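Trainee: no FASTA, just this:
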């Protein structure tokens, strides 16, 4: 079985495994106060254009989201998020479990629009009778989005402008950040992101690491007691250096971007394969996730040799599914899939 | 200034004031364990066709909602509610503050539909990959709705059927229950409600009482430790008899329904007045809330003598506003308003 | 049966009932934005020596406590409270339900001591390794305490000093504030309190009002969005003027203090009665709550005619119980009790 | 610098690193639904005497605690825990952050006693006026305790008896479980634990694994939707097999117990060293944590070559510190420390 169902079905790039092995006999201070967390953060900072940031290594994306929301929001404040945003559905109500409302807004190509954010913010901030409403305070977006689409620098700057206007935070969930920054359609850099977002995370789990995400806090207002929040939410790792050394390895020579570019390139090849086989895309994506519409027959046939992820039923005869390439996909696997199309 | 902006701008019907005054020199046990709470509950029970219920008197609607949600839901469970439902907007995120997600669904004439409830429930319960979604467990509806529209018995029974199918609770917020049950279009009785809903409350604050709501818990699963939840949420009154005696007074001779019928009748008269003045309704309502579309000019003119509640901007020249009659409105006040139209 | 079990077993002083009756035909703006809330606050302000404060009228003490904690604390912050403090036991975990830890410290004569507060605060603030501890941020005390004892100005100032040293808030729960300020042993005034505390509430429910408490917020940091917190927590009353007019009535001519002085005087008389009957006090109190040790026999005998509140078992032959006088107790009732001793 | 400050300052036993490396090129299903989680659980089950249990692999101890509390408790229920329990201090209020009160009780030799548990439970369950108290529902204990002391089978059974009497859950935090079960003073087995506890976890992080804990749920009432709770709390790992393969490796040939026995033996040797050097123990412990009292001078001297963990100040001239051996400690390191004493 060849897995295209997601981008976290393999362990880690071999360099990661090796790096962890190499330092395994050494001993370190706990909870992220070790030299590898320092070194990992330093390597990331080289990409941030000198921005003054705090960097915390976290166990996963959900803990990162929970902890940021808890730290950033007062109890009456809420989160603006695209209707299809994963925190709005697939994290088991984790944001509401922290006590905060999600204000979901219509998405366009799977993405939040500055217009929708402005409208929601204006409804609260430009209106006189809002005392009993929640105050939108964080704008949450994922890039690539749940449908693999990406934000242009222009789109980000427009959203930033709304955030500035209404004094809201912009939080970018970068679980698949590498696949965004490496794809040919991307006009955004990490340096841009550190200028535009208040806080974002660089996904490791789905981009070549064994596990872990690097949270980058730009806005000084979000830094206070952050490690306490991490502990309280259970998102801090006792052996923090396991995360630090992974990000050090991924960023010291640009391995992170090599790996994600590899996946993006394979996805582009696969997209051409779908086109050649006249299999329609559900939504066009320049990154490693491709949503296509398969006949039930074709879906069953492919399922014998390949895994993909079911997304939704289109009609009685067709379904929409996701194929993911990843840093661990091989050209041979993609070729086999294309041949089977 | 004559107030039509809401139905809680007066104290209480005189009989309430008198009743409180009459027992003012007596002493009672605290926290609802007094004879008036008992007697108030007994009077309400006479309307419930012998249903076996727990009745708790609560300080207000928001505490009632908070407490029911806290008592009824496990942390991963969520609430289905019409998009325009007040708990979804105007209670400052109080439901999410208890940790629970609201799954808002499109409303029809301001109301929840069985179809929308079924679709949302089915998405979770009839689907295999829902482990990381929240489980819809309470169906919340207000009757009259936020737009004054009401549920027919048929509509309620259809929603009940979906609740039964998916083992969900049906909670009816009856802040304006009297205005529903007294209006000519209503085909539902309190007895029906005690058969159809798992829990509902009979609004006092907006229907002739000084303050307070009577929560009726039908489903036995929702009764455990309810008084503890009331205390924890701050929704229990030390001098519970103040609530008990009010509901005793309202229900012992049917005063509750007299008062709300009076308001519904005045609203019907006012609706005719709007029609005669060619002022269009935003949505037709058989109860005490009327939403109409006024020109800005007319709105300003009326505002000199009458209060109404702004709802939304229709276009540059018109706004939608709410006029409320109440148990305390007089025919004279309504006539003055009609004359001014 | 003559009730001495608590101080909330009667409705309200007659002037309150009358005042509510008199304005019952008038109409008002909702949620505390009416003239009576304004006037009630103004009367209270006259006692505060010109302090710049926000005053909110709340439905009860538990909602007041919940709302203040929610508004004042970040998720990692905690509350210092005497071991026997009611929020630590008798509010069903309401503070923890808002997500905050209570750091309980040993009490002396039922009261918090500056030493205990300092020790707890120092453990956190003067120590290097506290990242994973909660940060004490509110010092909570009740005066009179749960045992009827009171804080002297000196004691309050000492606690204030610790609060200043560690940048903590001082919150005084004044459910029985009147009984404190009116008793002969008291050397504190409302004006002092407005200088010493960051936030406190003036209890109405137990001191002559029908229900309701007046929350006085002195510290500007605690004011932001407070009405939103009140709504979210369910502690705001739709017909706010019902609370405003009560506090107006209680404070405009000093009725509040008359009523509580009356109860304190009766308690002093009753205390002498206990002494004369050689019934030992469990703890000496200058206010309206008296804790005495009764033989089981005497307890049973008294229970035939009087209610009191059981506190704890002393040994096989004796129990400790509370007798409360209140604004509604009469000299005749106290005389009867003394005669029965 | 030789680290004796804790037992999580090294990566993992080499067999773990190797096992992860060996399966690194394979692909797996996500979120714990892979074959290694199955195999890891199967190996653990071999030690449980055929008990019917659910086993979940979690990222760390704090997430395990948070998730169990969230899943097990209704909002009005609380946790009994020894005063010095780490959840009561060193987890940043994480339990209260889930909304639940901790009822801390005096510890004896760092341990919970059946007497203290009984007294706290009886105060609630055997008393008539508890409606506004929280209901103790989980008894939480760590073995080894925070001071390295261990529970005998008799002690556990006594606590179990109280749990049965009052229908409470017994939760054993086994962050250092191996060091307990391997020490010579231990008369408890994993099989016993699966009979006595309702839920417990087998610590990996501190006992030879890279990271992760195996949560064993015995009581069927605690199993419902547990994976949803894990997701909601952020404690589930996308690449679950990383945890499964570690526990498979640790348990398939008893490596887990070899490693912890090694540490216990070294601790015993070190304890003798302290005795020989006339350095008093603060508390006697049969496991890998030793608390001793050092003069400030000695402490400074040792700090030049060894790390230890500061516990508390004894007096002006002495402090209490913790020395930890671990699976990664070597005899040579211990000999060096003994020589330096």
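Mentor: Good, I have the coordinates. These numbers were taken from a predicted model, which means no experiment stands behind them.
Trainee: can you list the residues of the stretch 1-150 of chain A near chain D?
Mentor: Counting by CB under 8 Å from any CB of the partner chain, the stretch 1-150 of chain A comes close to chain D at A:3, A:6, A:8-12, A:14, A:17, A:20-21, A:23-30, A:59-60, A:62-63, A:65-66, A:91-94, A:97. The C-beta positions use only the backbone N, C-alpha and C, and glycine is treated the same way.
Trainee: put the buried members of these into a PyMOL selection.
Mentor: The buried subset of the residues of the stretch 1-150 of chain A next to chain D, as determined by 16 or more other CB atoms under 10 Å in any protein chain shown, is captured in PyMOL by this line:
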select buried, chain A and resi 3+6+8+9+10+11+12+17+20+21+23+24+27+28+29+30+59+60+62+63+65+66+91+92+93+94+97
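Trainee: now intersect the residues of the stretch 1-150 of chain A next to chain D with the strands, please.
Mentor: Among the residues of the stretch 1-150 of chain A next to chain D, DSSP state E puts residue A:3 in strands.
Trainee: is the helix or strand encompassing residue A:247 up against chain D anywhere?
Mentor: Using DSSP states H and E, residue A:247 falls within helix A:241-252. Yes - judged by CB under 8 Å from any CB, helix A:241-252 and chain D are in contact via residue A:242.
Trainee: now that helix: average pLDDT?
Mentor: Averaging pLDDT along helix A:241-252 gives 98.
Trainee: identify each buried residue in it, please.
Mentor: Across helix A:241-252, burial judged by 16+ other CB under 10 Å covers A:241, A:242, A:243, A:244, A:245, A:246, A:247, A:248, A:249, A:250, A:251, A:252.
Trainee: quick one: pLDDT of residue A:122?
Mentor: 96.
Trainee: what's around it, how many residues?
Mentor: If you count neighbours by other CB atoms under 10 Å in any protein chain shown, residue A:122 ends up with 14.
Trainee: so what does the strand or helix carrying it touch, helix or strand wise?
Mentor: Residue A:122 belongs to helix A:114-125 when assigned by DSSP H and E. Applying 3 or more CB pairs under 8 Å, 6 or more residues apart in numbering or on different chains; DSSP states H and E, we find helix A:114-125 packed against strand A:77-82, strand A:102-105, strand A:135-142, helix A:153-166.
Trainee: each with direction, which strands does the first one pair with?
Mentor: Strand A:77-82 has these partner strands in its sheet, going by DSSP bridges: strand A:102-105 (parallel), strand A:135-142 (parallel).
Trainee: just name the most buried of those strands.
Mentor: Most buried of the strands paired with strand A:77-82, by mean neighbour count (mean count of other CB atoms under 10 Å in any protein chain shown): strand A:135-142, with a mean of 25.
Trainee: so how far is it from its chain's centroid?
Mentor: Distance of strand A:135-142 from the chain centroid (CA atoms, centre = their mean, to the nearest Å) equals 15 Å.
Trainee: please apply the same query to stretch A:104-120.
Mentor: Computed by CA atoms, centre = their mean, the chain-centroid distance of stretch A:104-120 equals 18 Å.
Trainee: can you show me the helices along the stretch 201-341 of chain A?
Mentor: Taking DSSP state H, counting those that start in this stretch as the criterion, the stretch 201-341 of chain A carries its helices at A:226-232, A:241-252, A:255-276, A:296-303, A:331-340.
Trainee: closest one to residue D:280 among those?
Mentor: helix A:226-232 (32.4 Å; CB to CB).
Trainee: which neighbouring elements make contact with that closest one?
Mentor: For helix A:226-232, the packing partners by 3+ CB pairs under 8 Å, 6+ apart come out as strand A:54-58, helix A:61-72, helix D:94-97.
Trainee: pipe these into JSON lines and attach mean pLDDT per row.
Mentor: Listed next are the helices and strands packed on helix A:226-232 as JSON lines, based on pLDDT from 0 to 100:
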{"stretch": "strand A:54-58", "mean pLDDT": "98"}
{"stretch": "helix A:61-72", "mean pLDDT": "98"}
{"stretch": "helix D:94-97", "mean pLDDT": "96"}
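Trainee: out of the ones you listed, nearest to residue D:112?
Mentor: Across the helices and strands packed on helix A:226-232, closest to residue D:112 is helix D:94-97 (CB to CB), at 15.5 Å.
Trainee: neighbouring contacts of that closest one?
Mentor: A:231-234, C:75, C:78, C:96, C:99-102, C:134, D:62, D:65-66, D:69, D:79, D:87, D:102 (CB atoms under 8 Å, 6 or more residues apart in numbering or on different chains).
Trainee: over to stretch A:102-110?
Mentor: With contact meaning CB under 8 Å, 6+ apart, stretch A:102-110 is reached by A:78-85, A:87-88, A:95-96, A:112-113, A:116-117, A:119-120, A:134, A:136, A:145-149, A:283, B:96, B:101.
Trainee: among the strands paired with strand A:77-82, which is nearest residue C:130?
Mentor: strand A:135-142 (27.7 Å).
Trainee: give me the domain ranges for chain A.
Mentor: Domains of chain A are assigned by automatic domain parsing as A:2-7+A:256-340, A:14-253.
Trainee: near chain C, which residues of the stretch 51-200 of chain A?
Mentor: So far as CB under 8 Å from any CB goes, the stretch 51-200 of chain A lies against chain C at A:70, A:71, A:74, A:75, A:76, A:99, A:131, A:132, A:135.
Trainee: if we use 7 Å, what do you get?
Mentor: Contact residues, the stretch 51-200 of chain A versus chain C (CB under 7 Å from any CB of the partner chain): A:70, A:75, A:76, A:131, A:132.
Trainee: highest neighbour count among these?
Mentor: Of all those, the highest neighbour tally under other CB under 10 Å goes to residue A:76, namely 28 neighbours.
Trainee: contact partners for it?
Mentor: Contact analysis of residue A:76 by CB atoms under 7 Å, 6 or more residues apart in numbering or on different chains lists A:134, A:135, B:92, B:93, C:225, C:228, C:229, C:232.
Trainee: quick check: the fifth one vs residue C:71, distance?
Mentor: What it means is residue C:225. Applying CB to CB, to the nearest Å, the value for residue C:225 to residue C:71 is 7 Å.
Trainee: and the third one, by the same measure?
Mentor: To residue C:71, residue B:92 is 12 Å away according to CB to CB.
Trainee: could you do the last one as well?
Mentor: As defined by CB to CB, residue C:232 lies at a distance of 10 Å from residue C:71.
Trainee: higher neighbour count, these two?
Mentor: Legend: neighbour count by other CB under 10 Å for residue C:232 and residue C:71, higher for residue C:232 (29 against 24).
Trainee: ok so, going back, can you list the strands paired with strand A:77-82 in JSON lines and add distance to residue D:157 and mean pLDDT?
Mentor: As requested, the strands paired with strand A:77-82 are exported to JSON lines (distance: least, CB to CB, whole Å; pLDDT from 0 to 100):
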{"stretch": "strand A:102-105", "distance to residue D:157": "47", "mean pLDDT": "96"}
{"stretch": "strand A:135-142", "distance to residue D:157": "50", "mean pLDDT": "98"}
